[in-house]
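Novice: I'd like to go over a predicted model; first the sequence, then the structure.
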Amino acid sequence: MKIAIVEDNLRHQETLLRYLKAYASEQQLELSIDCYNDGIEIVNQYKSNYDVIYLDVEMDVMNGMEAAERIRKMDDAVLLVFITNYVQWAIAGYSVGATDFLLKPLTYFNFLEHFKKVMKKFSVQSDKALAVKIGSGIRKILLNDLLYIESEGHYLHFHLITETFSILESMKNMEARLKEDGFFRSHNYYLVNLKYVESIDKNWLKIKGEQLQISRPRKKAFLEALTNYIGEDTFV
């Protein structure tokens, strides 16, 4: 789990860092933790590479709420936690999908109760994720939500369980990035999440009731990949 602490008070920053390390040691959990002294620092170099971000609400250059709003535009999956002296900030935090709030001064007992909530939320989102560039930002896609990718010209259409969106990217690059994650080409135009293949009928496969073509040159390799993925010979 990769965590960022954004806190301009070094004493509070060190307290949270100590609590995180103590919890990691007790639970034999591997944590990678980075510290920032102001919201502008993390926003200016954000690459959608954190699982949890702790944000002090009040900072000199960019406060935690503004930093959260900017981060949320680039990353809709990261867990955001506000650190504050005032309970009323909790209401404002809902607008950016905050996971929780920590009130100062921090105590280890309160931190433990909070971090159990974070771990539970993180376990739901623990599927591998794919970060793709969208405009000037980055979007993180949980692979468990991705049904298939469709190529059309220079664009890729990402078909998720709940929506579809498009980016400018090559299928070759995306295939290379996902080759170890249960995705396989059934056709020049389709990169399929093998987890969601419901059936095979001749040169067609079905995903969530939608039919996608299997090209003849790719059929044998695709069926072998599917067989290996499910661990049985149902489709061969």
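Specialist: Thanks, I have it.
Novice: and L102, that one's in a helix?
Specialist: No: following the definition DSSP: H, G, I helix; E, B strand; the rest coil, L102 is strand and is not counted among the residues of a helix.
Novice: quickly note the distance from the nearest residue to it once chain neighbours are set aside to I161.
Specialist: Nearest residue to L102 in three dimensions, chain neighbours excluded: I83, at 4.8 Å (C-beta to C-beta, 6 or more residues apart in numbering). The C-beta positions use only the backbone N, C-alpha and C, and glycine is treated the same way. Computed as C-beta to C-beta, to the nearest Å, the I83 to I161 distance reads 33 Å.
Novice: repeat for L146
Specialist: To I161, L146 is 8 Å away according to C-beta to C-beta.
Novice: R177 too?
Specialist: With distances taken as C-beta to C-beta, R177 is found 20 Å from I161.
Novice: please say which of these two ends up with more neighbours.
Specialist: R177 (15 against 11; other C-beta atoms under 10 Å).
Novice: buried ones in the strand or helix carrying the more buried one?
Specialist: For R177, the enclosing helix or strand under DSSP states H and E is helix 171-178. Buried positions in helix 171-178, judged by neighbour count with 16 or more other C-beta atoms under 10 Å: 171, 174, 178.
Novice: which one of the residues you listed is nearest S123?
Specialist: Minimum separation from S123 among these (C-beta to C-beta) is found for L178, which lies at 22.6 Å.
Novice: my guess is that closest one contacts L130. True?
Specialist: Yes: under the criterion of C-beta atoms under 8 Å, L178 lies in contact with L130, with a separation of 7.0 Å.
Novice: which residues do those two both contact?
Specialist: Overlap between the contact sets of L178 and L130, as judged by C-beta atoms under 8 Å, 6 or more residues apart in numbering, is given by L143.
Novice: helices along this structure, start to end?
Specialist: Here the chain has its helices, by DSSP state H, at 10-27, 39-44, 64-74, 89-93, 108-124, 171-178, 216-230.
Novice: okay, those in JSON lines with distance to G153 next?
Specialist: Supplementary listing: the helices of the chain in JSON lines, determined by distance: least, C-beta to C-beta, whole Å:
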{"stretch": "helix 10-27", "distance to G153": "46"}
{"stretch": "helix 39-44", "distance to G153": "33"}
{"stretch": "helix 64-74", "distance to G153": "26"}
{"stretch": "helix 89-93", "distance to G153": "41"}
{"stretch": "helix 108-124", "distance to G153": "36"}
{"stretch": "helix 171-178", "distance to G153": "11"}
{"stretch": "helix 216-230", "distance to G153": "20"}
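Novice: all good on my end, thank you.
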